[in-house]
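Trainee: Just the structure for this:
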Amino acid sequence: MDLDRNIGKNRGKRIRIETSYFWKDSYLRCVDVDECKVFSPCSQGCDNFPGTFRCYCARGYYLRPDNYSCKAHDPLPSIVFANRLDIRQISVDGHEYSAIMEDLQNAISLDFHYYRDLIFWSDVSLDVIMRAFLNGTEVTGIVRWGLRKPGGVAVDWINDHVYWMDGITKRIEVAELDGSNRHPIVWSGLQKPRALVLYPQKDLMVWTDWGENATIESAFLDGSGRRVIVREGLQWPNGITMDYPTETIYWVDARQHKIEAALLDGSNRKTILERSLPHPFAITVFEDNLYWTDWRTRSIHMANKRTGRDHTTIHQSLAFPMDIRRWVFEREYRFPLVLKWHGS
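Mentor: Sure, this is the predicted structure:
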């Protein structure tokens, strides 16, 4: 851009400043703009350099020819979602659609273990945590007692644990993948716990609670180190997901009809979309897009994760769309991590 500056000996001279710099009046010089922070141009990682920037991708992804966005090495991945009476999968482009589990009672929340080929879900009619192989075999209830309204199922694919929340007992619990060694890790201060997402590489879990004082909270995987990361401006925070390459959480608020995002500590909060969201319930993210279920439209929707643009319905006329997850192996890259129990 061209700027005129009438200061001292430069009076009347035209000084040219490149768009990657800004004018610093006090010193009559151009200062580099950090495009990574100011414009967030990249899909995943961003390195700033004097006068320019460079995008890069996390392991399991490669940079597209546009030099901004990242694509997974995995073949076309699937979105897996609970539909109360069944669990189905759909390709991210909406073209392939099939059932994984059928003749269920009331499947609400789900998650998977990619390398073990396992899927887990909560059933609020039977009050059980269920498990099966993805081919539909060996369906079993791994937790059958002491549950009142199980939801918020999440899998720790590094330490081989399954977590869940209960809206009546108001607890977060954990067990081995077969349901053994079960114990509560958060049992106080919960009002209406709704959704849970794990980040095993960082020994972290994040959850939504849409009680009277709605919050988004985080803690270590053993329940210690608990803290509120988002407190203001929440009403019905429903589903939550995590974009691991950018360490960004996204959540839907059903009462405010919008999708928001923030970093893991709650900073850099921003609204992604606040139109055409009658009753969003659950949300997931893959590459550059968000995918979510909506109770009122009975559909699965998609939009750009950074701008909210290109809002599209990828499947509609569903019975009871509930939880939704992306089925992709990149999530489960294993990093050296030993789970440390921070509490006593």
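
Trainee: center of this structure - which residue?
Mentor: In the chain, the residue lying closest to the centroid (Cα atoms, centre = their mean) is residue 241, at 1.7 Å.

Trainee: which residues pair with the nearest residue to residue 270 once chain neighbours are set aside across the strands?
Mentor: Nearest residue to residue 270, sequence neighbours excluded (Cβ to Cβ, 6 or more residues apart in numbering): residue 261, at 5.7 Å. Every residue, glycine included, has its C-beta placed from N, CA and C. Beta-bridge pairing for residue 261 (DSSP bridges): residue 250, residue 270.

Trainee: confidence score at residue 261?
Mentor: The per-residue pLDDT reported for residue 261 equals 97.

Trainee: Test my guess that it contacts residue 253.
Mentor: No: Residue 261 is not in contact with residue 253 according to Cβ atoms under 8 Å; the separation is 11.8 Å.

Trainee: coming back round to it: and the residue nearest to the centre of the chain, what are its phi and psi?
Mentor: For residue 241, the backbone dihedrals (degrees, to the nearest 10) come out as phi -140, psi 170.

Trainee: Tally up the residues packed near the residue nearest to residue 161 when sequence neighbours are not counted, please.
Mentor: The shortest distance from residue 161 to any residue other than its chain neighbours is 5.3 Å, reached at residue 174 (Cβ to Cβ, 6+ apart). Residues contacting residue 174 under the criterion other Cβ atoms under 10 Å number 21.

Trainee: my guess is residue 174 meets residue 160, correct?
Mentor: No: in this structure, residue 174 is not within contact of residue 160 by Cβ under 8 Å, at 11.0 Å.

Trainee: Output stretch 235-252 as PDB - backbone C-alpha positions only.
Mentor: Taking C-alpha atoms only, stretch 235-252 is exported to PDB below (Å, rounded to 0.1, in the frame of the first residue of the first chain):
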ATOM      1  CA  GLN A 235     -26.400 -21.000  27.400                       C
ATOM      2  CA  TRP A 236     -26.800 -24.500  26.100                       C
ATOM      3  CA  PRO A 237     -23.300 -25.600  25.000                       C
ATOM      4  CA  ASN A 238     -24.100 -29.000  23.500                       C
ATOM      5  CA  GLY A 239     -21.500 -30.900  21.400                       C
ATOM      6  CA  ILE A 240     -17.800 -30.200  21.500                       C
ATOM      7  CA  THR A 241     -14.900 -31.300  19.200                       C
ATOM      8  CA  MET A 242     -11.200 -30.700  18.900                       C
ATOM      9  CA  ASP A 243      -9.100 -29.900  15.900                       C
ATOM     10  CA  TYR A 244      -5.900 -31.500  17.100                       C
ATOM     11  CA  PRO A 245      -3.400 -30.000  14.500                       C
ATOM     12  CA  THR A 246      -4.400 -26.500  15.600                       C
ATOM     13  CA  GLU A 247      -5.300 -27.300  19.200                       C
ATOM     14  CA  THR A 248      -8.700 -25.600  18.700                       C
ATOM     15  CA  ILE A 249     -12.000 -26.600  20.300                       C
ATOM     16  CA  TYR A 250     -15.300 -26.000  18.600                       C
ATOM     17  CA  TRP A 251     -18.700 -26.200  20.200                       C
ATOM     18  CA  VAL A 252     -22.300 -25.700  19.300                       C
END
